[in-house]
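Novice: Fold the following for me, if possible:
(one chain, ligands or ions: 1)
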Amino acid sequence: MSDSVLVYKGKEIANYGFGDPHPFGFDRHDVFQQELIDAGLDQRVEFRMPRRASVDELMLFHTADYIDLVSRKSTEGRGYLDDGDTPAMPGIFDAASDVVGTTLAAVDAIMAGDAKRAFVPIAGLHHAARDRAAGFCVFNDCGVAVEYLRKKYGIRRVTDVDIDAHHGDGVFYGFVDDPDQIFADIHEDGRYLYPGTGAAEETGKGLARGTKLNIPIAPGSEDADFAREWTRVEEYLQQARPEFILFQGGADSLEGDPITHLAFTEEAHAKAAAALCQLADKHCEGRIVGTGVGGYNRRNLARAWTRIVQSFVDAN
Ligand SMILES: [Zn+2]
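Specialist: As a prediction, this is how the structure comes out:
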């Protein structure tokens, strides 16, 4: 097992976005990569290239009809894939497939023993449902990765831990009745922020009832509030005995984000990433893939994601 930390870098994933003036612009990838260099971390990680997911891989999570719709709309290159958040950009099918493939590449590298930890900055598209786009998210790489780990590696107890300001509804409802998909999500209370879901009472359905952890927090919540709730996430994960951790480290939970109302600093992301590495070492042979998800204040996303990578490096 190598001690390397992998960071995925390349124009293929940078091309996932919606251009000016959409908050999910094309510049987010490069802003983060520059901060990584400024922090000296480019010398301490191993960079890897994106790869494209196949249609068969997309179909592990998404319906064939929805994949066809995205393909058609991507060729037309106009209008929206949903009710007005996610534009049907020309070429969005390939860019979204590149995001999924890159998260799967990170999974494969870790399962092959190339590294214990990896970070994919433009990924973690947690709003996309099995049959529709939502909230800037076309294909749900997190959801595909859960199914991929099961099918290819026989790993069932995959955990999604999500500290993006928005509830990870695409992942949550994608596995809402599945007791083996472990889910913990701290997010701004849905009464104040898109997508409006993720109430504390939502703990799963059917056989999965009581197995998932949603933690809505009030607008304006700071690092101390995050730390208090984070202890619940750690206790939950200790009980849940995950086999692989997917960490959605959205930076839109930091103070100053233009579309949310939380007030964390990047210390929250550093702390969460460090704690998850410890949990991964205890339960998952170290295996963790972090993704950038949201974050629309460029300074915030650069700092938060860099601190996640720093925590991954320091944990080795
Ligand atoms: Zn978000």
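
Novice: where do the helices sit along the stretch 151-300 of the chain?
Specialist: 169-174, 223-240, 266-283, 298-314 (DSSP state H, counting those that start in this stretch).

Novice: Which residues of the protein lie near the ion?
Specialist: Residues of the chain found near the ion (CB under 5 Å from the ion) are 164, 165, 166, 250, 252, 294. In short, each C-beta sits where N, CA and C put it, glycine included.

Novice: most centrally placed residue in this protein?
Specialist: The residue lying closest to the centre of the chain (CA atoms, centre = their mean) is residue 124, at 2.6 Å.

Novice: who's in contact with the residue in the chain positioned nearest to the ion?
Specialist: Nearest to the ion in the chain, going by CB to the ion, is residue 294, at a distance of 2.7 Å. By CB atoms under 8 Å, 6 or more residues apart in numbering, the contact list for residue 294 reads 136, 164, 165, 166, 250, 251, 252, 260.

Novice: give me that answer again for 6 Å
Specialist: 164, 250, 252 (CB atoms under 6 Å, 6 or more residues apart in numbering).

Novice: ranges for the strands of this protein?
Specialist: 5-8, 46-48, 117-120, 158-162, 182-188, 213-217, 244-248, 288-291 (DSSP state E).

Novice: by how many degrees do the longest one and strand 158-162 diverge?
Specialist: Just to be clear, that refers to strand 182-188. 10 degrees (axes from the mean of the first three to the mean of the last three CA atoms, to 10 degrees).

Novice: now strand 182-188: how far from the chain's centre is it?
Specialist: 11 Å (CA atoms, centre = their mean, to the nearest Å).

Novice: what do you get for stretch 62-71?
Specialist: Using CA atoms, centre = their mean, the offset of stretch 62-71 from its chain centre is 21 Å.

Novice: list the buried ones in that stretch?
Specialist: Applying a neighbour-count criterion of 16 or more other CB atoms under 10 Å, one finds 62, 66, 67, 69, 70 buried in stretch 62-71.

Novice: Would you convert the residues of the chain next to the ion into a markdown table that also reports distance to residue 181 and pLDDT?
Specialist: Shown next, in a markdown table, are the residues of the chain next to the ion (distance: CB to CB, whole Å; pLDDT from 0 to 100):
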| residue | distance to residue 181 | pLDDT |
| --- | --- | --- |
| 164 | 18 | 98 |
| 165 | 22 | 98 |
| 166 | 19 | 98 |
| 250 | 19 | 98 |
| 252 | 24 | 98 |
| 294 | 21 | 97 |
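
Novice: Of the residues you listed, select the buried ones using a PyMOL command.
Specialist: In PyMOL, this line selects whichever of those come out buried by 16+ other CB under 10 Å:
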select buried, resi 164+165+166+250+252+294
